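> Provided below are the primary sequence and the corresponding predicted coordinates.
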Amino acid sequence: MKKLLVLVISLHLILNAMSLFNEDPVIANINYKASDSNNEFMMKMYNKLILDKKNDNIFFSPFSISSALAMTFAGSDGNTEVQMANALEFSSNTDIFHKDFSTVTNRINEIGKKGKVQLSIANSLWMQKGYTFLDEFTKIGKEYYNAEIENLNFAESDKSRKIINQWVEDKTNNKIKDLIPKGILDALTRLVLTNAVYFKGEWKEQFKKTRTQEKTFHTFKGKDVPAKMMYNKARYGYYENDKFQFLEMPYKGDDVSMFVFLPKDKKGLPDIEKIMDMELINTSIKEIVKKDVKVYFPKFKLGLSYELSKLMKNLGMNDAFSKKADFSKMTGNKELYISAIIHKTFIEVDEKGTEAAAATAVVMRMKSAMPTECPEFIADHPFFYFIRENSTGTILFTGRMNDPNSKK
């Protein structure tokens with residue numbers, strides 16, 4: 001049985017001593033819930049990635065990134081806090097926000113405890129020995145994010161790196177290895193925040209291996225490549241209009257599903273991406289009807305890695321990476337800043353299910369109408385997809401498939 005393993009390993013923040021200034025924050029989007037914030041951030045990040053990765057596969061975990069940065073957000077103040085809230089679609093930096101994030105996280109963990117799928121979220125704060133963090137900051141980490149708190153001597157950089165990387169491997173069933181590469185941690189590192197999301201599940205309607213055949217997949221570049229195309233006819237959630245088909249493929253237990261936007265034009269994904277937003281996603285989900293569908297879907301396996309500092313700056317989160325950084329709610333002073341955000345992912349899809357993993361490291365240093373006939377859903381050209389926890393509506397993973405043969 002093929003496993004849907006999705007993991008998220010979060011933000012290693014390495015902070016470097018620097019001076020900052022105070023500003024009274026005016027935080028926007030005060031009515032956002034944690035899942036809404038996560039999903040809106042997902043679309044913002046996806047739209048930035050497609051500008052840089054025009055012909056590439058994309059796969060990332062918005063919830064991993066949001067979780068790690070939410071813990072970081074708790075320690076922010078002034079203009080840094082404002083910029084983080086706007087970039088990440090967070091509401092005000094209060095107990096209400098962090099409690100809401102905790103509610104979503106706990107609900108997702110409860111799904112895993114039901115036993116139909118494996119789904120868990122883990123957080124950890126790795127703090128420099130002898131360096132003082134404010135009690136209120138560590139309290140938020142413990143109370144709302146269930147964060148494990150460990151002290152390390154980052155001057156012993158290789159030893160610290162191995163300890164954190166082993167934690168990540170353990171929480172992601174060994175799918176994310178060496179999250180923190182050599183050269184990232186050093187004697188000026190003060191804090192590493194990590195988040196791991198793990199998901200493993202089987203399709204509710206499994207594909208039979210005997211029906212899998214090699215077919216042609218049409219990529220962005222106009223190149224036709226061979227792909228192992230799975231086939232199944234079963235009752236799925238389905239909606240279509242004149243531009244795309246929309247399919248829901250649930251995993252056992254119906255708590256988690258993969259959703260797929262498939263353009264009707266084989267070269268039409270860029271046009272769909274231009275209009276893609278959470279309103280379109282939510283409207284399409286509401287239009288879904290259960291019906292028999294003939295589904296052709298490619299098997300694929302890939303692993304990707306991103307450094308997100310530039311992307312987050314492009315979203316307006318500039319001060320956190322500069323001398324202006326204000327994380328004084330962490331320490332009582334302004335000597336910490338984010339030096340890197342690393343995100344690694346893995347996904348494999350086959351006849352029995354999906355296995356996926358994602359890791360984020362933020363490193364901080366001192367300074368339509370339904371047809372009556374049975375439709376065919378032939379995913380033999382680029383498509384957009386996401387994996388969603390259905391009770392909260394939280395999107396855990398998001399991707400674009402351009403070439404099922406590419407491993408990256």
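Now that the structure is in, tell me what you want to look at. Numbers count the residues shown, from 1 in each chain.

> residue 190: which element?
strand 189-202 (DSSP states H and E).

> and that strand, what does it pack onto?
Here strand 189-202 touches strand 15-16, helix 62-73, strand 118-128, helix 157-171, strand 353-366, going by 3 or more C-beta pairs under 8 Å, 6 or more residues apart in numbering; DSSP states H and E. All C-beta spots, glycine's among them, are computed from the backbone N, C-alpha and C.

> average pLDDT across it?
What strand 189-202 shows for mean pLDDT is 91.

> and for stretch 146-166?
In this model, stretch 146-166 has an average pLDDT of 95.

> what are the contacting residues of it?
Stretch 146-166 has contacts (C-beta atoms under 8 Å, 6 or more residues apart in numbering) with 12, 14, 71, 102, 105, 122-129, 138, 141-142, 177-180, 182, 184-190, 192-194.

> list the buried ones in that stretch?
For stretch 146-166, burial by neighbour count (16 or more other C-beta atoms under 10 Å) applies to 147, 152, 154, 157, 160, 161, 164, 165.

> what are the bridge partners for the residue lying closest to the fifth one once chain neighbours are set aside, then?
What it means is residue 160. In this structure, residue 160 finds its nearest non-sequential neighbour in residue 152, 4.4 Å apart by C-beta to C-beta, 6 or more residues apart in numbering. Note on residue 152: beta-bridge partners by DSSP bridges are residue 128.

> before we move on, what about residue 388?
With DSSP bridges as the criterion, residue 388 is bridged to residue 257, residue 395.

> give me every residue that touches it.
If you count contacts by C-beta under 8 Å, 6+ apart, residue 388 has them with 256, 257, 258, 259, 394, 395, 396.

> need the max-distance pair from those residues.
258 and 394 (14.0 Å; C-beta to C-beta).

> circling back: pick out the most distant pair among the buried residues of stretch 146-166.
Spatial extent of those (C-beta to C-beta) is set by the pair 147 and 157 at 22.0 Å.

> what about residue 54, which SS state?
coil (DSSP: H, G, I helix; E, B strand; the rest coil).

> break this protein into its domains for me.
As given by automatic domain parsing, the domain ranges for the chain are 15-202+301-366, 209-298+369-401.

> redo these as TSV? Include distance to residue 408.
TSV is the format used below for those (distance: least, C-beta to C-beta, whole Å):
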stretch	distance to residue 408
domain 15-202+301-366	6
domain 209-298+369-401	12
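
> deepest of those, which one?
Most buried of these by mean neighbour count (mean count of other C-beta atoms under 10 Å) is domain 15-202+301-366; its value is a mean of 21.

> quick one, strands of the stretch 151-300 of the chain?
Here the stretch 151-300 of the chain has its strands, by DSSP state E, counting those that start in this stretch, at 189-202, 213-218, 224-240, 244-250, 256-263, 289-298, 300-307.

> any chance of these in CSV with distance to residue 170 as columns?
Output for the strands of the stretch 151-300 of the chain, formatted as CSV (distance: least, C-beta to C-beta, whole Å):
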stretch, distance to residue 170
strand 189-202, 9
strand 213-218, 35
strand 224-240, 31
strand 244-250, 29
strand 256-263, 22
strand 289-298, 31
strand 300-307, 18
